[in-house]
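Chemist: What follows is a predicted structure for the sequence shown.
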Amino acid sequence: MRVLIVEDEEGLVSALRIALQREGYAVDASLTYRGARERLSVNEYDVALIDVTLPDGDGFELARAVRDAHADCRSGPDMRIVMLTALGTLPDRVRGLDAGADDYIVKPFALAELTARLRAVLRREVRGASSSMRVGDITMDTARQLVHRGRREVDLTLKEFAVLRFLMSRPDHVVSAEQILEHVWDEHADPFTQTVRVTVGTLRRKLTVDDEEQVLHTAIGRGYRLRAAGGADSPAARSS
């Protein structure tokens, strides 16, 4: 999950970044309205945390621009939005929700509450989708961060979980290392790093143990593909 923080208090940005990274999120931040618009136009985000009072703009207007598709937002108008602000009166909260926010959190707040409410917002999948995902015999509960292959629970790190979730959202499609790096890591990730290859390698070994069929395949020179057991690349399918 990739998060954009739009907040001009650098101390708060630092605290939020640390807390969210510990939860497994990839985190980018902007201290200004203009910087937020630039990042939204370049990167895909699952959720934006937006302060209302920015030095060069209004957070309500930014939320409304995303919802109304007036902003150049690569994630589209369905990106989740949470307002973070000291403006806590009823008219302020109503204005924020009417601008398109999915939630409205008043400062000061506890980081534990923020992360819990962020998980709740992200469970509300767009267009009525479930928080459960399945590709063949692999199931993922995105709300509880649990993965099973058949009846076996698969113990994953936060990054392995995020990579698998991204692949499960695109089953049977080749996904490049660059796409994975962009979605799962933040904007400071080195594009020449081998971290994607290493993470996919450990994920592959955890998904397939003993005599289980391989489901995470490498498309040489192109990327990686997650296929259900018994798919076109499997020995059983080739012999049929």
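Modeler: That came through fine. Numbers count the residues shown, from 1 in each chain.

Chemist: per-residue pLDDT, G96?
Modeler: On the pLDDT scale, G96 is placed at 92.

Chemist: so what's A112 scoring on pLDDT?
Modeler: In this model, A112 carries a pLDDT of 88.

Chemist: hang on, I meant R225
Modeler: In this model, R225 carries a pLDDT of 93.

Chemist: What does it show for phi and psi?
Modeler: Backbone geometry at R225, expressed as degrees, to the nearest 10, gives phi -130, psi 130.

Chemist: separation between it and D172?
Modeler: Separation of R225 from D172 (CB to CB, to the nearest Å): 7 Å. In short, each C-beta sits where N, CA and C put it, glycine included.

Chemist: Next, count neighbours for the residue nearest to D51 when sequence neighbours are not counted.
Modeler: Sequence neighbours aside, E7 is the residue nearest to D51 in space, at 4.5 Å (criterion: CB to CB, 6 or more residues apart in numbering). By the criterion of other CB atoms under 10 Å, E7 has 24 neighbours.

Chemist: can you pull the contacts of V163?
Modeler: 180, 184, 196, 199-200, 203 (CB atoms under 8 Å, 6 or more residues apart in numbering).

Chemist: Just give me the closest of the residues you listed to D78.
Modeler: Nearest to D78, judged by CB to CB, of these is V184 at 19.7 Å.

Chemist: where's the residue nearest to that closest one when sequence neighbours are not counted relative to E113, distance?
Modeler: Counting by CB to CB, 6+ apart, V184 lies nearest to A162, which is 4.5 Å off, once chain neighbours are set aside. Going from A162 to E113 by CB to CB gives 23 Å.

Chemist: Same question for H70.
Modeler: Using CB to CB, H70 is found at 31 Å from E113.

Chemist: circling back to that earlier point, the residue nearest to V184 contacts G24, correct?
Modeler: Yes. If you go by CB atoms under 8 Å, A162 and G24 touch, sitting 6.2 Å apart.

Chemist: Between these two, point out the one with more neighbours.
Modeler: A direct count of neighbours by other CB under 10 Å for A162 and G24 places A162 higher, at 22 against 16.

Chemist: Now the more buried one: which helix or strand?
Modeler: helix 158-168 (DSSP states H and E).
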